[in-house]
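S.K.: Attaching a predicted model along with its sequence, questions to come.
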Amino acid sequence: MTGSNLETRSLIDELRSFDSGGLFDLGHPLLNRVAESFVKAAGIGAVQAVSRHAYFTAVESAGGDVGGSIPPEVGGSKKQHRFPDIRGENSQKSVEALVKSTGKESMQWGLAAGVYSGLTYGLKEARGVHDWKNSALAGAITGAALALTTDDHSHEQVVQCAITGAAISTAANLLTGIF
């Protein structure tokens with residue numbers, strides 16, 4: 001490929017090239033799939049965390065809850081928001097808190113995607129079939145692993161997240177192709 005051809009490739013061409021070869025070649029399809037899922041989901045998690053922070057910052061600077069439109073389970077009270085240390089003594093402390101919380105959330109998204117993707121691939125290879133049972137088991141294990149990443153996890157929370165993960169992944173598997 002010549003230098004001029006590299007310069008004329010569009011963003012769409014770059015994105016299409018990811019689908020054909022993947023981002024990684026780690027020597028085994030399972031490793032490739034886990035790493036690729038982790039990186040893609042971690043990026044999405046980072047964008048989501050920063051977007052949520054920007055939204056709550058805009059709402060707070062506009063005078064709090066705009067017209068009472070933020071439900072308490074999403075926004076919390078006016079004094080409590082998702083990034084408690086973001087209002088630092090100076091802007092450097094605020095940026096450090098934002099980076100730390102965004103990094104943690106990115107890791108959680110990446111963990112969830114990597115574990116789920118690796119489990120579904122491994123179960124498909126071991127059982128020889130990809131069905132709702134694989135999805136349920138992979139979702140349950142992923143949900144439990146995700147619950148363990150929180151600071152104050154309890155037995156009940158781990159079980160609830162495992163059940164929720166199993167239910168969501170099973171529903172997604174069963175609904176594939178319907179819509």
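M.R.: Happy to help now that I have it.

S.K.: Quick check: Ser135 touching Ala172?
M.R.: Yes - taking CB atoms under 8 Å as the contact criterion, Ser135 and Ala172 are neighbours in contact, 6.9 Å apart. C-beta here means a position set from N, CA and C on the backbone, and glycine is covered the same way.

S.K.: which residues sit against stretch 23-36?
M.R.: Taking contacts as CB atoms under 8 Å, 6 or more residues apart in numbering, the residues outside stretch 23-36 that touch it are 22, 39-40, 114-115, 117-118, 121-122, 125.

S.K.: May I see the buried residues of it?
M.R.: When neighbours are counted by 16 or more other CB atoms under 10 Å, the buried residues of stretch 23-36 are found to be 32-36.

S.K.: TSV please, covering those residues and showing secondary structure, pLDDT and distance to His53.
M.R.: As requested, the buried residues of stretch 23-36 are exported to TSV (DSSP: H, G, I helix; E, B strand; the rest coil; pLDDT from 0 to 100; distance: CB to CB, whole Å):
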residue	secondary structure	pLDDT	distance to His53
Asn32	helix	90	32
Arg33	helix	90	31
Val34	helix	92	28
Ala35	helix	92	27
Glu36	helix	92	27
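
S.K.: Please say which of Ser135 and Ala172 ends up with more neighbours.
M.R.: The residue with more neighbours, out of Ser135 and Ala172, is Ser135; 24 against 12, by other CB atoms under 10 Å.

S.K.: Name the SS class of that one, please.
M.R.: Using DSSP: H, G, I helix; E, B strand; the rest coil, the three-state assignment for Ser135 comes out as helix.
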